[in-house]
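Enquirer: What would the 3D arrangement of this be:
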Amino acid sequence: MTTKDFPYHIGDVVEGQVTGLQPYGVFVQLDEEHQGLVHISEINHGYVNNVEDKFNIGDTLTVKIIDIDEYTSKMSLSIRALKKLAISNKPAKNAWPKKRHAPKIGFSSIEEKMPMWIEEALTKMATK
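Expert: Numbering: from 1, shown residues only. I've put the predicted structure just below:
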């Protein structure tokens, strides 16, 4: 079967019925001839502990086709691709503070250190 004859395309949003639940994902029947897998990583943004807690056999799902194997016609489906990623405006716990104090570097610090550096250099030269 060529991709031209195949009724589905990558990016299509379709409805299907849950036909199987496995620890690694959900099998969804799109029509009499075609089914796909929603991998556990494509169910939700974030961690999904147990697929069976979220779905039951017979549930109707809206999914997005994210990949089609052209040789086997197996489809990878995603629910996560249809959900907007929730971005928090709160800073991360260990985020750097916005105001950082710049170290005091400049000519005055060089001027203060110069006599000490000269003394060290002279001492090293004298011991050679």
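
Enquirer: The chain: strands as residue ranges?
Expert: Taking DSSP state E, the strands of the chain run over residues 13-22, 25-29, 35-39, 60-68, 75-78.

Enquirer: Just the C-alpha atoms of the second one, please, in PDB.
Expert: This file holds the C-alpha atoms of strand 25-29, laid out as PDB (Å, rounded to 0.1, in the frame of the first residue of the first chain):
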ATOM      1  CA  GLY A  25       0.500   2.600  26.100                       C
ATOM      2  CA  VAL A  26      -3.100   2.500  24.700                       C
ATOM      3  CA  PHE A  27      -4.200   0.800  21.500                       C
ATOM      4  CA  VAL A  28      -6.800   2.800  19.500                       C
ATOM      5  CA  GLN A  29      -8.900   1.500  16.700                       C
END
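
Enquirer: what helices or strands is that strand leaning on?
Expert: strand 13-22, strand 35-39, strand 60-68 (3 or more Cβ pairs under 8 Å, 6 or more residues apart in numbering; DSSP states H and E). Placement of C-beta: from N, CA and C, glycine included.

Enquirer: pLDDT averaged over that strand - what is it?
Expert: Averaging pLDDT along strand 25-29 yields 95.

Enquirer: ok, now which ones touch the residue most central in space within the chain?
Expert: Nearest to the mean C-alpha position of the chain, by Cα atoms, centre = their mean, lies H45 at 8.1 Å. Shown in contact with H45 (Cβ atoms under 8 Å, 6 or more residues apart in numbering): R80, K83, L85, A86.
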